[in-house]
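Participant: any chance you can model this:
(one chain, ligands or ions: 1)
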Amino acid sequence: MISALWSDPTDLPTALRDSAAAVDAVIERLLAPPDGPEARVYEAMRYAALAPGKRLRPFLVLTSCHLFGVSACSALQAAAAIEMLHTYSLIHDDLPAMDNSDLRRGRPTCHKEFDDATAILAGDGLLTLAFEVLSETDTHGDPAVRCELIQSLAKAAGSAGMVGGQMIDLLAEHDHSLDIGAITRLQRLKTGALFAFSCEAGAILGKASIESRRSLVAYAHDMGLAFQIADDLLDAEGSAEETGKSVGRDADAGKATFVSILGIDGARTQAKALIDQANHHLIAFGDKADLMRKVAEFVVARRS
Ligand code: GRG
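Facilitator: Sure thing, here's the model as predicted:
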């Protein structure tokens, strides 16, 4: 039972901490370094994946699995997979050819700690291992369910999802005329698609109804946009000490963001409205979705 992972399921910080510990234990096991010189790439994968991030996406996998009585073993496999895939995206995003960042999760970025080539390989290793993990029988006994999970993550992470969003974002560095609709689409692809997968994973593993699935995806899209607005606000107002990553980069690059278009107050109001809308999609799940409601509030209030 997933609820057994949480020492106090009514308290979000405790539940986040317990979930992160359980997911990290699975990632530790999956990334046990082998003997031989290839151990270096495992070191880099561990460095990035076990660094102190919020583990939000795996938390959403666990909470969505909780709605449908999915076993802890299945849920943790999917949770580890999404965190590894997310970490790959951060490693590659930080590379000199992309965002060229020195700081991530409060530490030197993977390419700074190792080197560019090792960081590229560490990202590739995490991306491919994520799919390997989903294909394992520990993830689900039914091959059709495993296949559906793999397809759903591939769509979310690929060129019609996160990779496509990243492409638009790179082009936007030279096109400062993006309007709110274009930014919303960019962010839905770049960050929203992985949130949607995380919430849908519980419905796929629990063979839930199409209505439940749609509600969870709708929740994820609204919550994901609110998350991104909060990220833009942190970039505009936060510090590197608080966030553990470089800040002020959007304004320096003259990039159009939710904050540059809506202003600080407008962006904050919009984020709050999106969270109300996100939580509205959870009504049918009753009390069982309380942690999902609380995490939605958390994503806009966070300081890192
Ligand atoms: C390189 C294919 C490729 C994609 C990169 C997600 C992404 C696309 C880049 C990340 C850059 C960035 C800062 C995006 C803003 C939103 C975001 C994904 C922030 C990081 O996620 P958190 O805050 O990070 O959940 P932690 O470290 O807590 O896991």
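
Participant: alpha carbons only for contacts and neighbour counts from here, please
Facilitator: Fine.

Participant: got the residues of this protein near the ligand?
Facilitator: 53-56, 89-90, 92-93, 105, 162-163, 166, 190-191, 228 (C-alpha under 6 Å from any ligand atom).

Participant: make it 8 Å
Facilitator: Selection of the chain residues close to the ligand by C-alpha under 8 Å from any ligand atom yields 51-57, 83, 86-94, 98-99, 104-105, 157-158, 162-166, 190-191, 227-228, 231-232, 304.

Participant: quick check on those: which are buried?
Facilitator: The neighbour-count test (16 or more other C-alpha atoms under 10 Å) applied to those identifies 53, 55-57, 83, 86-94, 104-105, 157, 162-166, 190-191, 227-228, 231-232, 304 as buried.

Participant: among those residues, name the ones in helices.
Facilitator: Taking DSSP state H, the ones among these that sit in helices are 56-57, 83, 86-94, 157, 162-166, 227-228, 231-232.

Participant: which residues sit in contact with the spatially closest residue to residue 157 that is not a sequence neighbour?
Facilitator: Of all residues not flanking residue 157 in the chain, residue 163 sits nearest, at 6.2 Å (C-alpha to C-alpha, 6 or more residues apart in numbering). For residue 163, the contacting residues are 157, 189-190, by C-alpha atoms under 8 Å, 6 or more residues apart in numbering.

Participant: in CSV, list these along with pLDDT and distance to residue 15.
Facilitator: What follows is these, written out as CSV (pLDDT from 0 to 100; distance: C-alpha to C-alpha, whole Å):
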residue, pLDDT, distance to residue 15
157, 98, 26
189, 97, 28
190, 96, 27
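
Participant: if I pick residue 259, what's in contact with it?
Facilitator: Shown here is residue 259, whose contacts under the criterion C-alpha under 8 Å, 6+ apart are 229, 232-233, 236, 266-267.

Participant: could you redo the last one with a cut-off of 6 Å?
Facilitator: With contact set as C-alpha atoms under 6 Å, 6 or more residues apart in numbering, residue 259 has these partners: residue 267.

Participant: any idea how far residue 194 is from it?
Facilitator: Relative to residue 194, residue 259 is positioned 22 Å away (C-alpha to C-alpha, to the nearest Å).

Participant: save the contacts of residue 163 as JSON lines, and put in distance to residue 250 too.
Facilitator: Listed next are the contacts of residue 163 as JSON lines, based on distance: C-alpha to C-alpha, whole Å:
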{"residue": "157", "distance to residue 250": "23"}
{"residue": "189", "distance to residue 250": "18"}
{"residue": "190", "distance to residue 250": "16"}
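
Participant: between those residues, which is closest to the ligand?
Facilitator: residue 190 (5.5 Å; C-alpha to the nearest ligand atom).

Participant: that closest one: what's it in contact with?
Facilitator: When contacts are counted by C-alpha under 6 Å, 6+ apart, residue 190 touches 162, 165-166.

Participant: for my notes, confirm residue 211 occurs in a helix.
Facilitator: Yes: counting by DSSP: H, G, I helix; E, B strand; the rest coil, one finds residue 211 located in a helix.

Participant: can you check the pLDDT for it?
Facilitator: Predicted confidence (pLDDT) for residue 211: 97.

Participant: which residues touch stretch 228-247?
Facilitator: For stretch 228-247, using C-alpha under 6 Å, 6+ apart, the contacting residues are 103-106, 248, 300, 304.

Participant: list just the nearest of these to the ligand.
Facilitator: Among these, and counting by C-alpha to the nearest ligand atom, the member closest to the ligand is residue 105, at 5.3 Å.

Participant: can you give me the pLDDT of the spatially closest residue to that closest one that is not a sequence neighbour?
Facilitator: Setting aside the residues directly before and after it, residue 105 is nearest to residue 244 in space (C-alpha to C-alpha, 6+ apart), at 4.8 Å. On the pLDDT scale, residue 244 is placed at 73.

Participant: phi, psi of residue 244?
Facilitator: phi 70, psi 10 (degrees, to the nearest 10).

Participant: how about residue 54?
Facilitator: Backbone phi and psi, for residue 54 under degrees, to the nearest 10, turn out to be phi -80, psi -20.

Participant: now do the same contact list for it.
Facilitator: By C-alpha under 6 Å, 6+ apart, no residues touch residue 54.

Participant: what do you get if the cut-off is 8 Å, keeping everything else the same?
Facilitator: 16, 20.
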